[in-house]
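Participant: give the three-dimensional model of this entry:
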Amino acid sequence: MYKLDEQVGYILRLASQRHATVFNKHSELGLTPTQFSALVRVAEVGHCSQNLLGRRTAMDVATIKGVVTRLKAKGFVELLADPGDKRRTMVSLSEAGHEVIKQLHKFGTTVTEETLAPFSREERKVFLEMLKRLT
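Facilitator: Residues are numbered from 1 along each chain as shown. Predicted coordinates:
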């Protein structure tokens with residue numbers, strides 16, 4: 001017999017809601033999870049095109065454009081036209097973005113630790129490896 005409580009999509013949605021609740025509880029900068037991901041990814045890859053940033057954060061063109069626009073409004077990123085191709089927008093961390101990255105790394109670690117608190121260290125490792133295999 002089909003049981004909703006045993007369905008992967010339903011369980012993943014509940015886990016995602018738990019993570020969002022933990023994320024919002026600790027968020028002091030007013031960033032959304034997508035803004036957080038984009039900002040941390042810019043710090044990892046450095047100066048990059050908005051298109052590449054979207055691909056590296058699994059966001060479509062419209063979504064990453066909105067995310068980058070909001071990060072710029074918050075003063076965390078700077079946008080420049082690519083000198084080699086004026087149609088392409090380049091994204092880089094602003095001075096404020098560089099200053100906030102260490103805080104975001106600590107924040108991300110806290111959120112991950114609390115989200116995965118029900119698991120032992122070994123269970124966390126296995127769980128994350130299994131989730132990565134789904135992506």
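
Participant: biggest strand in this protein by residues?
Facilitator: Secondary structure assigned by DSSP state E gives strand 85-93 as the longest strand of the chain.

Participant: and stretch 69-87, which residues are buried?
Facilitator: Neighbour-count burial for stretch 69-87 flags Arg70, Leu71, Lys74, Phe76, Val77, Glu78 (criterion: 16 or more other C-beta atoms under 10 Å). All C-beta atoms are positioned from the backbone trio N, CA, C, and that covers glycine.

Participant: tell me the SS of Glu78?
Facilitator: strand (DSSP: H, G, I helix; E, B strand; the rest coil).

Participant: OK, contacts around it?
Facilitator: By C-beta atoms under 8 Å, 6 or more residues apart in numbering, the residues touching Glu78 are Lys72, Val91, Ser92, Leu93, Ser94.

Participant: looks like the first one contacts Leu79 (just checking).
Facilitator: Yes. Taking C-beta atoms under 8 Å as the definition, Lys72 is a contact partner of Leu79 at 5.8 Å.

Participant: for the contacts of Glu78, which one is nearest His105?
Facilitator: Leu93 (13.4 Å; C-beta to C-beta).

Participant: host element of the residue nearest to that closest one when sequence neighbours are not counted?
Facilitator: Excluding its sequence neighbours, the residue lying closest to Leu93 (C-beta to C-beta, 6 or more residues apart in numbering) is Val42, at 5.6 Å. Secondary structure assignment for Val42, by DSSP states H and E: helix 33-45.

Participant: which secondary structure elements does whichever helix or strand comes after that helix contact?
Facilitator: Moving toward the C-terminus from helix 33-45, the next helix or strand (DSSP H and E) is strand 48-49. The contact analysis (3 or more C-beta pairs under 8 Å, 6 or more residues apart in numbering; DSSP states H and E) places strand 48-49 against strand 85-93.

Participant: for the strand it packs on, which strands pair with it and how are they oriented?
Facilitator: Using DSSP bridges, strand 85-93 pairs in its sheet with strand 48-49 (antiparallel), strand 77-82 (antiparallel).

Participant: that older thread, give me the helices and strands touching the helix holding Val42, please.
Facilitator: Contact here means 3+ C-beta pairs under 8 Å, 6+ apart; on that basis helix 33-45 packs against helix 8-26, helix 50-56, helix 61-73, strand 85-93, helix 95-115.
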